[in-house]
Every structure is written in structure tokens, then in C-alpha cells.
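1. From the sequence below, what's the structure:
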Amino acid sequence: MALHEFDYDKEPTVAIVKKILSDSIKLKATDIHFDPRGDHLSVKFRLNGDLQEYTTAPENVKVNIITRIKILAGMNITETTNPQVGSIHFESDNISQNMRVSTLPIVEGEKVVVHLSNYAMNIKNIDKLGINKDNLKKLKDLIKENSGLLLITGTTGSGKTTTLYSILKELNNKSSNIISIEEPIKMKLDGINQVELNPDKGITLKNVLHNILLQDPNVISISELYDDETARSAIRTAITGKLVISTMQTKSAYQTIDTLLNMDVENYLLGSYLNGIISQRIIKKLCPSCRDKRPATKYEKTIIKKILHKDVDELYYAEGCEDCRNGYIRQIPITEVVILDDELRNAISNNKDHSLIRKAIYESNKTIIQDGLEKAIAGDTSFDEIMRVLDIKVDLTDEDEELKQIILGNVNDEELDKINNNETTKTEEPVEEAEQKPAPEQTDVKEESTPTEGKAPEEPQEEAPIENEEAHEETAKAEEEKTTEVAEEPKVETPAEEPKTETPVVEETKENSTPEQTDNIVDNPPVEEKATEEPKVEAPAEEPKEDEITPIRIDIGITEDNPPEENNEEEQPKDEQPAEEPKEDESPVTINIDVPMETEEEPKTNDPVPFEEAAPTPSGNEPAPKPEDDDDDDDDDNFNYGDGYSLQM
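-> Residues are numbered from 1 along each chain as shown. This next block holds a predicted model:
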């Protein structure tokens, strides 16, 4: 519903425009929008941050109204294809008002926006700006400094200029020389030297700052730091011992420091000469005539508890009456004021991680959202207004993931109750961690006992001819008993050592073997020592290196003159009984002896392995010829040592 209706057929355009401007001042509007549409002109006022329709003009007068505004603003009325900027100084009911006018060509005509600079009414003592007591005390301490840089930050329309002018008014006295650089000048201030920048005429910030330093100023005000050059110019001006006050378009104190560092401002200069930051946002103030107090919801209680660590039962809400229409009247700021201490200065100067800088800022300072929620509890604004101006990406960190989910409404009522009852909520899904026990390493005995990696254990073994069938049965029985003892050994957790019986062996069952022949193979001290230590090793043996000697198992038949009791006892575990000894009248049995052998990767020598010379032929004949080198695979080489003696690798 429109706030006002005109009789456009009878009332002149001049009177209509004057009434629109007068009502905007009375209603305390901040902006007037003239939006051309296909068959009409829509006029809207921005009241308390919201656009509300004021009136609708028919098509036959919309061009006349826009032309009248352009005349008052001193614009070229014949130019309709390019944007223009102007200003209006309007007086109504003894109230003087400066208005900034801008035009923008659109498809349906020219859109005109008039911004009302209500600084004459809003600029007041800093005690009446609506800043809480703690932040107000910090602000007063900051403006007492004689040098350094003070920044006032916020988004467009957040009241930065109002706060800046109020500070300049507080500092304005007969003993101070204050120079203000503005683009454009929004309001004339008595006792302050205001300079308007005009790049077309060569009046730039860089040139003006150089000349201002010759004017012996105490305080220098710069309207806004909007790029790298202006930021560096401001910090270098602060080095000269002057107090520099300026504004920036950032949402928080931390974002201000982060932006300045990204502007290539030297971190050591920023850490040394930045005094403090006043960050603010504008919110709507509840109408004291119609505001209502109701019980707080679980959602509201939980957020306040997480941020302020307070329990709240009731909050104020907007209702609406004839004075306010929508439950709000005027606007107030919520702020965070940060004074740089030594810890924060060192973090900036030493280019510390940004998370450490953020922590240093908010360890001893309230955030802007905390200030807003305190105002909501006090009844100055509503909880919904604080949620409207909250920026999750700027105001919260990755550590506040639970709070983010609560604000976004992703937490159910049961979990909200747990938080309100000081219980720890578990929003993250439990991660199932499968305990992976280390699998027993399968020790491939065949790989360890063979000199080459390419050996195929599945090939059938060629055994020496067996002359005595009875001796062969006894040998097989002794081997089976020994295999059973190894398998039942309690210390062995895996069957890794069982394949020892599967390695290629050379069985000799010749009864006519002489003790002299056996001694040539048995008398090998390093091999006996290794055989005795082998059962004690619990961990799987490492694979042989290139320069190490790999043991090979050899089965040799022993006669009555050389009984196998000693060798069997050495290989037996201490806690088990050795295998039964063969009787004197029984045929010879077979024992296993590990004989060291060089691996095939040994590049230093081409000499044959030592087994060729270790075992003479039992019949006294000439030794067997050496095996020929096989280019394809060394695993198939067989070494023959005469009748009944053979070695397979």
C-alpha cells in the first residue's frame, strides 16, 4: 500500500517533487528510488533499511518528474544515455538537507536514486552513537593518540561516515588543526579544513597528502582507503607522527587486517603504526512503544548459549504500531573495537599465520555478533535482526562448525536440548575405525633358501637313486616325525618354517658311505652355529641381500659310524624331546644340514660354488664334471658329485 497519493492531473510536477523530498526528510528515509516501469513510475523510500512504496506516478508524468530532479541536481537534462552524478541542497521546515543524486540509464528509461545525508541530524556526541560502554571506552582511548592509523570499517550504509564525522567533531577544538580529504564532501563541518578530491583537475590523494604535511596538521582524515595506493599512502602518512583516521569497506576487524596485508601494505609498518579498528554494522532499533517480550525458542536459546555462554528465557520481538508501522524505528550500530596490543602487533609484523592473528584479536575483544546479541537481550533490537546481518563466512571459523549447523537449522530439537543442558552434542557421525592387526608375514622359505628369485618350487625333485628300499622308508619316517615336531612348536605362530621340508634336498642312502666322506660336509662350524640358532628366531627372516650367504638344506645319508644324535639335538627345541634315535641294527637315516651358498647376484667372482670341492666321490672315481652355465635360468642347474650324491638348486 502506497504511503501517499497525488492528483497528477491537477497538481504541478514542481509541487509533487517538493512533497516527495519533504516527506522523505520527515519519515527519516535514507534513500529515494525513482524506478521507471513500462506504464508508470514507482517511487520508494528506504526506511530503517527496507524499501517501502511511497507512490506510483502514471506514464504521462514520469519523464517530467525525473527531469525536475535532474534540474535540481544541476545535471544535463538532454543527456539520457550516460550516468550522471549531482547534489541537491534542500530545506524544509527549517531543516537543511544535503542530497546526493545519481542517474543510471536502463531499458525502460532513467533510474534516479537520491541519497539523503542525514548527518546534520545523526552527527552527535560519540557518547550517543549507541556504542556499548566497553567499546566506547576503547574508542575514547584510541582518539587520544597523537599519531598512528585508526580505521573505521563496515559495508556501504553501515554508518562509517557518521562515526567518522562524530569523531572529528569530538577532536575539533581551538588547539587542533584538522584536515579532511573527501570524495565528495558529504557535509560541511565548522572548524575543519575539508578538501574535495578531483582527479580531472589533478587534485589526487597522493598530491594532496604531500601538500597537507606542509600545513602542520594534527589530525588527517581520509574518506576511504579503496585501493593499494591509498592504503600505502595512509600508513606512510602515519609514520610522520600524525593521527590518520580513515574508513574501509570490510565487515570485521580481522577481515580489515587480512585485506590490508593482501593490499601489499608492509606488514612491519602495519604492525607498528596501526592503532586500532572500529568495525560496525547497522541494525534496526525496536520501537519502544510496541515491542513485545515472549519466551525464547530452543533455536534462539542454543545460539545465544553457544556465543555468549548465557541462558536466556525471554527475548523482545517487533510488533508494529502507528509510530513505526513495522515494529522498528531508526537504526543503531553494533560494533567491535580492537586496540592492537603487543601480541597482535608481533603477529602482524612477523607475518604469522592468519589463524593466529584472528586468535590474538578475539581473545580479549568481543566480536560484533556478541555485541549484537547483547543488544537483543537488552531489547534494543530483535534476534532476527542479528541473524540478518550475521555473515557465517566472516564471523565464524572452521572451528565453529557445530554453531554453523545450528544457525543453518541442521540440528534437531533433541540435540538442541543437549546443548542447552550443557551436554556435549555429537553432530559428527562416528567413524568406524577397523583395527587392523598386523597380518603374520608369510615367510617364503623357498625364496630364502634358493639363490635366485625365479625358481619354480612346483617342479618335481630329482632324487638320488635309492639302493635300499628299507632305508628309504626309515628316512621318510624320520622326516615326518621332525616335521610334526616343528609344526607343534608353541613359539611358532605361523607355518612359515614348515616349508623347510619342501626345499630341494639331496638324499643319500648309500650304506657304504665312509665317515671321512661325511666329515667333509659336516665339519663346517658356521653352518652348525646357524642351525642351532635357527629355532629361536620368532620373527620371519629377512630376504637375503646381494652380498649375504643363503643357507641351503642338504640331506645326506649317515651310516652307523656317524650317528645323527648330536645334529638332531641341536635342531630340536629345548622344551621338546628329540626324535627317536635309530638303533644300531637299523638302516642309516637322513639328517638336514644347512650349508652356506653364495647367491647368484654376486658379481665379484665367477668361481663355482663351494660344494663342488666339498664332497669327493665315494668310489674314488674322478669327480663329476661341473655343471654348465645355463643362460635361461640358474634354478634348473644340478650338481652331481658321483654315485649317490647329487645337489639340486
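2. Of all the helices and strands in the chain, which has the lowest average confidence?
-> helix 445-449 (a mean of 40; mean pLDDT, DSSP states H and E).
3. Mark out where each domain of the protein begins and ends.
-> As assigned by automatic domain parsing, the chain contains the domains 13-117, 121-281+333-365, 396-429, 445-648.
4. In the shortest one, which residues are buried?
-> Under the neighbour-count criterion of 16 or more other Cβ atoms under 10 Å, domain 396-429 has 396, 402-403, 406-407, 411, 415-416, 419, 425 buried. No exception for glycine: its C-beta is placed from N, CA and C like everyone else's.
5. Which one of those is nearest to Ala29?
-> Ile407 (31.5 Å; Cβ to Cβ).
6. For the closest one, give its distance to Lys418.
-> 17 Å (Cβ to Cβ, to the nearest Å).
7. now swap in Thr78 and tell me
-> Thr78 is 69 Å from Lys418, by Cβ to Cβ.
8. try Asp380
-> Distance of Asp380 to Lys418, computed by Cβ to Cβ: 31 Å.
9. Likewise for Asn207?
-> 63 Å.
10. any idea how far Pro295 lies from Asp93?
-> In terms of Cβ to Cβ, Pro295 sits 44 Å off from Asp93.
11. So which of those two has more stuff around it?
-> Set Pro295 next to Asp93 and count neighbours by other Cβ atoms under 10 Å: Pro295 wins out with 10 against 7.
12. Just list the residues touching the residue lying closest to the more buried one once chain neighbours are set aside, thanks.
-> For Pro295, ignoring the flanking residues on the chain, the nearest one in space by Cβ to Cβ, 6 or more residues apart in numbering is Glu314 at 5.7 Å. Going by Cβ atoms under 8 Å, 6 or more residues apart in numbering, Glu314 touches 293-296.
13. With secondary structure and pLDDT added, can I get these in TSV?
-> Formatted as TSV, the contacts of Glu314 follow (DSSP: H, G, I helix; E, B strand; the rest coil; pLDDT from 0 to 100):
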residue	secondary structure	pLDDT
Lys293	strand	92
Arg294	strand	93
Pro295	strand	94
Ala296	coil	93
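14. for those, which one is nearest Leu149?
-> Ala296 (41.2 Å).
15. ok, that closest one - contacts?
-> Neighbour list for Ala296: 304, 312-315, 383 [criterion: Cβ under 8 Å, 6+ apart].
16. from those, which ones fall inside helices?
-> 304, 383 (DSSP state H).
17. For the contacts of Ala296, which two are the farthest from each other?
-> So, those by Cβ to Cβ: farthest apart are Asp313 and Phe383, at 13.1 Å.
18. Those two: who's more crowded?
-> For Asp313 versus Phe383, neighbours defined as other Cβ under 10 Å are more numerous around Phe383 (21 against 7).
19. The more buried one contacts Glu300, correct?
-> Yes: taking Cβ atoms under 8 Å as the definition, Phe383 is a contact partner of Glu300 at 5.3 Å.
20. residues shared between the contacts of the two?
-> With Cβ under 8 Å, 6+ apart, Phe383 and Glu300 have common neighbours Leu315.
21. Which parts of the stretch 51-200 of the chain are strands?
-> Secondary structure of the stretch 51-200 of the chain (DSSP state E, counting those that start in this stretch): strands at 84-92, 95-106, 109-117, 148-153, 178-182, 193-196.
22. Take these and lay them out in CSV including distance to His354, mean neighbour count and mean pLDDT.
-> Below are the strands of the stretch 51-200 of the chain laid out as CSV (distance: least, Cβ to Cβ, whole Å; neighbours: other Cβ atoms under 10 Å; pLDDT from 0 to 100):
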stretch, distance to His354, mean neighbour count, mean pLDDT
strand 84-92, 38, 15, 88
strand 95-106, 37, 16, 89
strand 109-117, 35, 19, 91
strand 148-153, 17, 24, 97
strand 178-182, 31, 21, 95
strand 193-196, 36, 16, 94
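23. With respect to Ile361, which of those strands lies nearest?
-> Closest among the strands of the stretch 51-200 of the chain, using Cβ to Cβ: strand 148-153, at 12.9 Å.
24. and the closest one, which strands flank it?
-> Next to strand 148-153 in the sheet, as set by DSSP bridges, lie strand 243-248 (parallel), strand 274-286 (parallel).
25. can you give me phi and psi for Lys242?
-> phi -110, psi 150 (degrees, to the nearest 10).
26. Measure how buried Leu139 is and give me the count.
-> Neighbour tally, Leu139, other Cβ under 10 Å: 25.
27. quick one: it and Asn146, what's the gap?
-> Distance from Leu139 to Asn146, by Cβ to Cβ: 16 Å.
28. what does Leu416 give?
-> From Leu416 to Asn146 the distance is 51 Å (Cβ to Cβ).
29. same question, Ile25
-> 39 Å.
30. Pick out whichever of the two has more residues nearby.
-> When neighbours are counted by other Cβ under 10 Å, Ile25 and Asn146 differ, and Ile25 comes out ahead with 19 against 9.
31. got the contact list for the more buried one?
-> Per Cβ under 8 Å, 6+ apart, neighbours of Ile25: 90, 92-93, 95, 97, 116.
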